[in-house]
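Enquirer: Sequence and predicted structure are below.
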Amino acid sequence: MTINRTNITALSDKELKDLITSDKYDSRLFALSDSLRREYYGTEVFIRGLIEFTNICKNNCLYCGLRCDNTSLSRYRLSQNDILSACDEGYALGFRTFVLQGGEDTFCTDEYICRIVYAIKTRFPDCAVTLSIGEKSRKSYAAYLSAGATRYLLRHETADYAHYSRLHPASLSLENRKKCLFNLKELGFQTGAGFMVGSPYQTSENIVSDFRFLQELSPDMIGIGPFIPHSETPFAAFPQGSLSLTLRLLALLRIFFPYALIPATTALGTIHPEGREMGLRAGANVLMPNLSPPSVRRLYSLYDNKICTGEEAAECIACLKSRVDSVGYKIVANIGDVRRHNN
Ligand code: SAM
Ligand code: SF4
Ligand code: FES
């Protein structure tokens, strides 16, 4: 097969599945992916300051260490002052996007979230605020938008109904997850979807469904990272997702969605010391270092052995700059909006 974008985006489900499961084309896929990211984004790598503001969650996703049944975890919620201090530190380090991520914490009402978003936008009018706080009503999303949030990350996790029900309790449904994503898009958020690579019971057919769902949604951001087991979850004994498959999928995502903002995730950096650099070379163009106070980082424990839980924000950004330089890209201090067209 000639590896070019036209051929790849025209593949049937069976052909795409074969491509996903073979390493035969890897070097050509990576070359094509890199040329597309350069067409749309040059060598720029955008940074997003991640503030993990609450590890309290009412949900019980089987893969996640924050699930409500994990009683061995100490829970925390940052105050508005803590969040603004993290933004102050991030702004001085060059961050122009702040991502507020957390569990589905019922204490955080819409009013509470809107107050924090508004306070950040008032103090940093030149910055974007991204939310990643799970499934909410359309009305809640509209309120967040009015308060000044313009981006929302909500991974769909898997686009296969049977697989979704093996990863989640019966109270959560793929139908609602998808509805949330379409609501976010319709309201005008820059919207992010995505999935874990190698989550328990995932098949290559499931991954083909993920690509087809992403084609239907056409999200601005696409986050994928390897599943990593957490010792206090029902999936403690499952193996972690594969590095090589994650890299191949990053390349394929760049080829299918050349305009997309695609992070090289912390999970990728956790399964390999140079995972994030490899992710950038495969097609990723975003990094999301942690701006949370070091005192709580260890407690945002989605999976075991998470990196950067002992470092300060300034240490991580210096570390990342040299890592990004080492692979020939450069971190830029701008808001980093999606570029739907190459120019
Ligand atoms: N609660 C919100 C939600 O679920 O959308 C946002 C926070 S949640 C912790 C963010 C993402 O972490 C999830 O979308 C999931 O893909 C990822 N995650 C959770 N557990 C994980 C694990 N064991 N390995 C890798 N990623 C995981
Ligand atoms: Fe809660 Fe999100 Fe973890 Fe599910 S993935 S348990 S919703 S924090
Ligand atoms: Fe956090 Fe390297 S990025 S220590």
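Expert: Okay, I see it. Ligands and ions are numbered 1, 2, ... in the order given.
Enquirer: pLDDT (mean, whole number) over stretch 248-266?
Expert: Here stretch 248-266 scores 98 as its mean pLDDT.
Enquirer: where's it relative to the chain centroid, distance-wise?
Expert: 11 Å (CA atoms, centre = their mean, to the nearest Å).
Enquirer: how about it, does it reach ligand 1?
Expert: No: contact of stretch 248-266 with ligand 1 (CB under 6 Å from any ligand atom) is absent, the minimum separation being 8.0 Å. For every residue, glycine as well, the C-beta is placed using N, CA and C.
Enquirer: Can that stretch be said to contact ligand 3?
Expert: No: Stretch 248-266 stays clear of ligand 3 (CB under 6 Å from any ligand atom), getting no nearer than 8.4 Å.
Enquirer: Mind checking if that stretch is in reach of ligand 2?
Expert: No: Stretch 248-266 is not in contact with ligand 2 by CB under 6 Å from any ligand atom; minimum separation 14.0 Å.
Enquirer: Next, count neighbours for the closest residue to residue 241 other than its chain neighbours.
Expert: Residue nearest to residue 241 in three dimensions, not counting chain neighbours: residue 198, with 2.6 Å by CB to CB, 6 or more residues apart in numbering. When neighbours are defined as other CB atoms under 10 Å, residue 198 has 19 of them.
Enquirer: Return the distance of residue 198 relative to residue 248.
Expert: With distances taken as CB to CB, to the nearest Å, residue 198 is found 12 Å from residue 248.
Enquirer: Mind listing residues that contact the helix ranked longest in the chain?
Expert: Once the chain is assigned using DSSP state H, the helix that runs over the most residues is helix 26-41. Helix 26-41 has contacts (CB atoms under 8 Å, 6 or more residues apart in numbering) with 3-5, 8, 244, 247-248, 250-252, 254-255, 258-259, 281-283, 285, 339, 342.
Enquirer: Filter those residues down to the ones in helices?
Expert: Going by DSSP H, the helices hold 5, 8, 244, 247-248, 250-252, 254-255, 281-282 from the contacts of helix 26-41.
Enquirer: Would you map the helices across the stretch 151-300 of the chain?
Expert: 161-167, 174-187, 204-217, 243-256, 266-271, 275-282, 294-297 (DSSP state H, counting those that start in this stretch).
Enquirer: Comparing those helices, which yields the minimum mean pLDDT?
Expert: The weakest mean pLDDT among these belongs to helix 294-297, with a mean of 95.
Enquirer: Off-centre distance for whatever helix or strand comes next after that one?
Expert: With elements assigned by DSSP states H and E, the helix or strand that comes after helix 294-297 is helix 313-326. In this view, helix 313-326 has its centroid 19 Å away from the chain centroid, taken as CA atoms, centre = their mean.
Enquirer: hmm, who's touching helix 313-326?
Expert: By CB under 8 Å, 6+ apart, the list of residues contacting helix 313-326 reads 45, 47, 49, 86, 89-90, 93-94, 274, 276-277, 280, 287, 289-291, 308, 311, 330-331.
Enquirer: In strands only, show me these.
Expert: Residues from the contacts of helix 313-326 lying in strands, with DSSP state E as the criterion: 45, 47, 49, 287, 330-331.
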